[in-house]
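Visitor: The following comprises the amino acid sequence and a computationally predicted model.
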Amino acid sequence: MKNEIKDYAKDVGVDDIGFASVESYISPNTPPIKEIYPKASTIIVLAFQQLDNCESENIQIASAGSKILSDFADLCTYKISRFLKQKFKATVISIPNMTPVNRNTETGLIFADVSLRHAAVAAGLGCFGRHNLVIHPVMGTKVVFTAIITNLNIKSDSPIEEELCIDCDICVNQCPVNALDEEKKTDVMKCMFKCRPYGFVGNMQFWMKFAKSSPEEQEMMIQDNKFRKLYDELTLGSQYVCFNCIKNCPAGQ
Ligand code: B12
Ligand code: SF4
Ligand code: SF4
């Protein structure tokens with residue numbers, strides 16, 4: 001069964017796949033998988049290689065790389081979930097590449113219900129690097145994940161023992177807002193404002209300012225390029241503009 005799933009996943013375009021028992025998913029800040037889905041037995045994690053859009057200084061082009069990958073990854077996840085259902089009569093729950101997420105109104109932080117980085121580590125697809133992202137042994141840092149939670153009982157893959165981060169500190173030094181200065185902790189607020197300025201908080205700030213502005217100022221705000229970017233984020237999905245911690249990471253390649 002495991003080989004059939006792997007072959008199908010590779011055929012639809014997944015670059016790597018790992019399996020972990022739900023008990024081996026350990027993520028201190030998210031609930032146990034069984035709380036999300038009591039029938040769950042295995043979490044299947046899918047890895048997808050990023051293109052090199054993020055190396056472009058043109059932010060529209062760089063951002064478009066995330067969008068095309070996110071759409072493709074979610075589509076593959078659905079196809080594989082459906083395959084598991086039809087072929088093995090499995091029950092399946094898909095975990096998307098990015099959204100939806102929750103927002104803690106006290107801290108302002110956003111977080112997901114399933115941490116795909118911890119899932120990827122449990123499924124033997126990589127290990128954490130100094131940038132707090134998961135490094136894949138072949139694809140390096142330029143990799144994203146999705147997952148499928150299922151009631152199928154499938155043998156887990158072994159976690160990677162090898163240390164893939166070479167401690168060069170390129171990610172730390174190239175972060176424009178010093179969000180990686182403290183080890184094992186991304187300063188999420190600093191990162192979020194820098195890498196996704198037109199996201200939820202940027203949007204909220206725009207409209208709060210808009211509400212307090214005169215009609216003339218409001219007209220200028222709507223004609224500004226910033227409004228166009230906010231519109232893109234709302235209509236197209238996440239618009240990332242900083243990739244410094246991933247684009248020059250030499251690990252795993
Ligand atoms: C919300 C979110 C963000 C938010 C907030 C991040 C956050 N909360 O950590 C913001 C907007 C800031 C963000 C930024 C980025 N994100 Co983001 N993000 C997410 C999302 C949707 C949820 C993350 C989450 O809530 N996790 C759960 C929380 C509770 O995790 P946590 O417990 O805080 O875990 C941290 C610590 O515990 C610590 N940690 C725990 N154990 C260990 C062990 C070791 C050894 C170390 C060193 C650290 C460590 O590291 C963890 C990460 O900070 C995930 C997708 C998903 N569903 O997982 C993508 C995701 C994590 N993001 C991703 C990416 C690529 C990015 C960016 C590069 C954006 C970009 N430009 O493309 C930056 C990188 C920032 C960085 N270097 O940390 C990828 C990471 C892929 C990978 N190879 O690891 C993910 C998995 C999306 C995906 N589908 O692949 N992100
Ligand atoms: S995405 Fe940019 S701002 Fe966020 S941690 Fe990486 S380098 Fe820093
Ligand atoms: S840039 Fe260097 S220090 Fe940062 S994660 Fe990659 S290998 Fe590790």
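Guide: Sure, I can see it. Ligands and ions are numbered 1, 2, ... in the order given.
Visitor: longest helix of the protein?
Guide: Using DSSP state H, we find that the single longest helix of the chain is helix 59-88.
Visitor: That one packs against which elements?
Guide: Counting by 3 or more Cβ pairs under 8 Å, 6 or more residues apart in numbering; DSSP states H and E, the packing neighbours recorded for helix 59-88 are helix 2-12, strand 42-49, strand 92-95, strand 143-150. Backbone N, C-alpha and C define where each C-beta goes, glycine included.
Visitor: tell me the mean pLDDT over the second one?
Guide: It refers to strand 42-49. The pLDDT scores in strand 42-49 average 98.
Visitor: cool, the longest one as well?
Guide: Regarding helix 2-12, the rounded mean pLDDT is 98.
Visitor: on that earlier part again, the longest helix of the chain close to ligand 2?
Guide: No: with Cβ under 6 Å from any ligand atom as the criterion, ligand 2 is not reached by helix 59-88; the gap is at least 11.1 Å.
Visitor: Which of the residues in that helix are classified as buried?
Guide: Residues 62-67, 69-70, 72-74, 76-81, 83-84, 88 are the ones in helix 59-88 that count as buried (16 or more other Cβ atoms under 10 Å).
Visitor: need the residues of the protein near ligand 2, please.
Guide: Going by Cβ under 6 Å from any ligand atom, the residues of the chain near ligand 2 are 175, 176, 177, 179, 180, 186, 191, 194, 195, 242, 244, 245.
Visitor: show me what contacts the fifth one?
Guide: When you say that, I think you mean residue 180. Listed by Cβ atoms under 8 Å, 6 or more residues apart in numbering, the contact set of residue 180 reads 130, 131, 132, 171, 172, 186, 187, 245.
Visitor: Phi and psi next, for it.
Guide: As for residue 180, its main-chain torsions (degrees, to the nearest 10) stand at phi -110, psi 10.
Visitor: Next, the distance between the ends of stretch 31-41.
Guide: 15 Å (Cα to Cα, to the nearest Å).
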